[in-house]
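J.: predicted model and sequence follow; I will ask about them next.
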Amino acid sequence: MSNSIIPYGRQSIREDDIQAVVEVLRSDLITQGPVSVQFERAIADYCGARYAVAVSSGTAALHLAAMAAGFGSGDEVITSPMTFVASSNCALYCGAVPVFADIDAKTYCIDVGHIRLKINAATRGVIPVHFAGQPCRMAEISAMAKEHKLTVIEDAAHAIGAEYDIDGKTFKVGSCAHSDMTIFSFHPVKHITCGEGGAITTNNRELYAKLQRLRTHGITKNPDEMEIDGGPWYYEMHELGYNFRITDFQCALGMSQLKKLDNFVARRREIVAAYNLAFGAESELITPFESGDVRSSYHLYVVQFRTLDRLTVFNALREKGIGVNVHYIPVHLQPYYRKNLGCKPGDHPEAETYYSRVVTLPIYPDMTDEMVDRVIMGVCDTVRELGR
């Protein structure tokens with residue numbers, strides 16, 4: 001154990017997950033069959049939304065949501081610079097321009113006040129990112145969006161299973177109570193996995209129908225949507241869509257995993273509690289802040305080092321077998337964004353300060369208490385060794 005690498009995240013697969021996949025592989029339909037429909041219904045029910053559309057990845061979910069929202073040339077879409085590039089790339093895919101609003105220094109989520117500063121006549125939408133599993137301030141974002149007639153797409157790739165409270169009422173992330181759509185990712189390091197996969201939830205029937213069409217080449221077989229009745233084999237392509245479908249055997253894995261989601265989140269929160277207790281005693285460390293009115297699902301556990309050099313810390317922890325990572329390089333610092341959108345260092349100082357001193361520590365449900373203790377000891381020893 002002492003010589004093994006503890007990764008920052010990994011899937012938790014059990015025999016029942018494997019059997020669920022095998023059962024579908026032995027069936028007649030391994031794609032576009034009944035299990036994908038069941039998975040969509042299960043996601044919608046879990047989140048408290050009316051509809052869900054399962055797709056091939058979280059990036060595909062963002063792309064289709066942006067298309068369904070009607071983002072296009074001349075439009076601006078506001079999102080966070082502290083995220084994976086897909087959160088803003090989805091606007092570019094549609095011909096729109098992503099505009100970044102800086103993050104809140106405590107939560108690392110998008111700063112609502114900065115969103116307001118970025119709104120202008122060209123603004124069509126907001127994509128708040130629930131960073132590391134902590135929900136953004138959705139009541140304020142929703143009110144702002146209604147005031148300016150903006151579409152809100154929650155990027156909840158980190159946050160399935162998270163909750164937030166407003167006026168004494170609890171909302172699941174994905175309920176779309178304060179947004180038009182919410183997207184999820186089912187990559188192996190996320191809370192639940194389909195291998196690869198994603199989903200979009202919504203309460204809007206028109207958006208739901210559009211998402212279904214866009215997922216499958218813009219094609220419909222619904223007689224109510226077709227221009228002519230061409231026979232039982234007939235279909236019509238009404239808009240330019242994509243093949244962003246997900247298979248039934250992936251959805252079988254997702255269905256099996258979804259049943260364990262609450263336990264997965266509970267274990268993540270246990271690990272966070274142990275980390276916070278240990279690291280809270282180290283003045284060099286800044287541990288994650290959780291707002292009192294949210295319940296983070298902790299996709300990531302990020303810790304900041306106040307004075308130590310991040311690269312030195314990173315390498316020291318890797319040498320101890322702790323598979324640390326960094327989430328994320330601010331999107332506006334990526335070469336594409338600098339060259340094509342005019343972004344530059346200094347544009348979003350809170351995101352840049354955070355990035356300069358953060359390290360992501362291992363957190364996933366299959367971590368044993370021994371592994372958690374090993375991470376704690378490795379971090380605390382490193383802080384003391386380098387701080388001498």
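T.: Done, it's in. Residues are numbered from 1 along each chain as shown.

J.: now for the helix or strand hosting Q257, which elements pack on it?
T.: Counting by DSSP states H and E, the secondary-structure element that holds Q257 is helix 248-258. Secondary-structure packing of helix 248-258 (3 or more C-beta pairs under 8 Å, 6 or more residues apart in numbering; DSSP states H and E): helix 15-25, helix 34-47. C-beta: built from backbone N, CA, C; applies to glycine.

J.: now for D224: which residues touch it?
T.: Not one residue lies near D224 by C-beta atoms under 8 Å, 6 or more residues apart in numbering.

J.: output the contacting helices and strands for the helix or strand harbouring N315.
T.: N315 is located in helix 310-319, with elements delineated by DSSP H and E. In terms of contacts (3+ C-beta pairs under 8 Å, 6+ apart), helix 310-319 is packed against strand 358-361, helix 369-386.

J.: looking at those, which is buried most?
T.: Most buried of the helices and strands packed on helix 310-319, by mean neighbour count (mean count of other C-beta atoms under 10 Å): strand 358-361, with a mean of 22.

J.: residues in contact with that strand: which ones?
T.: With C-beta under 8 Å, 6+ apart as the test, strand 358-361 has contacts from 8, 275, 300-305, 310, 313-314, 317, 322, 324-327, 375, 379.

J.: mind checking which of the residues you listed are buried?
T.: Neighbour counting with 16 or more other C-beta atoms under 10 Å marks 8, 275, 300-305, 313-314, 317, 322, 324-325, 327, 375, 379 as buried within the contacts of strand 358-361.

J.: those in strands, which ones?
T.: Those of those mapping onto strands are 301-305, 322, per DSSP state E.

J.: what's the most distant pair in those residues?
T.: Farthest-apart pair in those is Q304 and I322; separation 16.3 Å (C-beta to C-beta).

J.: thinking again about what came up before, now do the helix holding Q257: distance to the chain's middle.
T.: Centre-to-centre, helix 248-258 and its host chain are 18 Å apart (C-alpha atoms, centre = their mean, to the nearest Å).

J.: same check on stretch 260-268?
T.: With C-alpha atoms, centre = their mean, you get 16 Å for stretch 260-268.

J.: any buried residues in it, and which?
T.: Applying a neighbour-count criterion of 16+ other C-beta under 10 Å, one finds 260-261, 264-265, 267-268 buried in stretch 260-268.

J.: and the next element down the chain from the helix or strand harbouring E270?
T.: Element membership for E270 (DSSP H and E) is helix 261-279. Next along the chain after helix 261-279, taking DSSP H and E as the criterion, comes strand 285-286.

J.: sheet partners, orientation included, of that next one?
T.: According to DSSP bridges, strand 285-286 forms sheet pairs with strand 301-305 (antiparallel).

J.: tell me who's in contact with the residue nearest the centre of the chain.
T.: What sits nearest the mean C-alpha location of the chain, by C-alpha atoms, centre = their mean, is A157, with 1.3 Å. When the contact criterion is C-beta under 8 Å, 6+ apart, the partners of A157 are 58, 84, 86, 129, 183-185, 187, 190, 198, 299.

J.: give me the pLDDT for it.
T.: pLDDT recorded at A157 is 98.

J.: does it count as helix, strand or coil?
T.: When classified by DSSP: H, G, I helix; E, B strand; the rest coil, A157 comes out as coil.

J.: domain boundaries for the protein, per the record?
T.: For the chain, automatic domain parsing gives the domain ranges 15-258, 261-386.

J.: Throw the ones you listed into a markdown table and include distance to S4, thanks.
T.: Compiled in a markdown table, the domains of the chain are given as follows (distance: least, C-beta to C-beta, whole Å):
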| stretch | distance to S4 |
| --- | --- |
| domain 15-258 | 18 |
| domain 261-386 | 6 |
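
J.: go ahead and name everything in contact with stretch 243-253.
T.: Outside stretch 243-253, the residues that touch it by C-beta under 8 Å, 6+ apart are 17, 20-21, 23-25, 27, 29-36, 38-39, 54-57, 60, 63-64, 186, 193-198, 214-217.
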